[in-house]
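>>> Sharing a sequence plus its predicted fold:
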Amino acid sequence: MGTLTLLNDITTDLEINNLLVGDLDQVPNKDALRLCDKIAENIANNAPKIDVIYSSDASRIKTLVHKIRVKSKDQALTKLDNRTLEALRERSFGVLNGTALSLASDVFSFSRIKPDSGESVFECRVRAMKCINEICKKYAEKNILIVSHPFLCQIVFNAFLQKDHTYLTEFWMDKGTFSILKFKVVENGIQWEFISGYNAISDTAYTQDKIYSRLVGKERAFSS
């Protein structure tokens, strides 16, 4: 039995201006850099002891992972390498990358909609789940941290829990969100069990039902 902590990214200036980032490699803005410390602290306090780190190779993700490592009180974690993978990048929205979010509303609604030169939801899910399944099978008894992007986190989280992968929640749209799941490699694949969900910035803990409820308010604050 292993655990997987799935963490999403930090804010860029494109998002502040209500633009769709997609797989564009945007650096975090100044506010996001300040929030990295809080995210790192909450990961240290609430996630299982981390044995393995994999992440997207995007600049903002590497910045966040660096903060998590250097802010850790666990010397073993500070020495861990972060393995960056293209397969954990955000979904590519093709020609819609960098456009206003309102222009891209339909691409969130149907799993097989594929903007010009971009990916469908289905293609993104296949890419991400293939990568994550391989990681989990390789480290079946370890505590794994995967740091990626909101849309990809939402897709794979729904796949873990066998939900409709086009179903969007406000949980994964908030920065500093992470979930913890147990996993077990079995003969016909991987079995997943939800443990808990958190938002590190608002200091909020979520049950599985609360994540899918689309409610924004706090369920309960967790101790630091």
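Yep, it's here.

>>> contacts and neighbour counts: CA atoms only from here.
Will do.

>>> which stretches of this protein form helices?
13-16, 30-46, 59-71, 75-78, 121-138, 150-160, 170-173, 208-212 (DSSP state H).

>>> residues of the fifth one that come out buried?
Read that as helix 121-138. Buried residues in helix 121-138, counted by 16 or more other CA atoms under 10 Å: 121, 122, 123, 124, 125, 127, 128, 129, 132, 135, 136, 137.

>>> same thing with stretch 185-203?
Buried, per 16+ other CA under 10 Å, within stretch 185-203: 185, 192, 194, 196, 197, 198, 199, 200, 201, 202, 203.

>>> Restricting to C-alpha, output that stretch in PDB.
C-alpha atoms of stretch 185-203 as PDB (Å, rounded to 0.1, in the frame of the first residue of the first chain):
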ATOM      1  CA  VAL A 185      -1.300  -2.300  -7.000                       C
ATOM      2  CA  VAL A 186      -3.400  -5.400  -7.800                       C
ATOM      3  CA  GLU A 187      -3.500  -7.900 -10.600                       C
ATOM      4  CA  ASN A 188      -5.800  -6.000 -12.900                       C
ATOM      5  CA  GLY A 189      -4.600  -2.400 -12.100                       C
ATOM      6  CA  ILE A 190      -4.500   0.000  -9.200                       C
ATOM      7  CA  GLN A 191      -7.200   0.400  -6.500                       C
ATOM      8  CA  TRP A 192      -7.600   3.900  -5.100                       C
ATOM      9  CA  GLU A 193      -9.000   5.200  -1.800                       C
ATOM     10  CA  PHE A 194      -9.600   8.900  -1.000                       C
ATOM     11  CA  ILE A 195      -8.100  10.000   2.300                       C
ATOM     12  CA  SER A 196      -8.500  13.700   2.400                       C
ATOM     13  CA  GLY A 197      -8.500  17.000   0.500                       C
ATOM     14  CA  TYR A 198      -7.000  20.300   1.500                       C
ATOM     15  CA  ASN A 199      -6.600  23.900   0.400                       C
ATOM     16  CA  ALA A 200      -3.300  25.100   1.800                       C
ATOM     17  CA  ILE A 201      -4.000  28.800   1.300                       C
ATOM     18  CA  SER A 202      -7.400  29.000   2.900                       C
ATOM     19  CA  ASP A 203      -6.500  26.400   5.600                       C
END
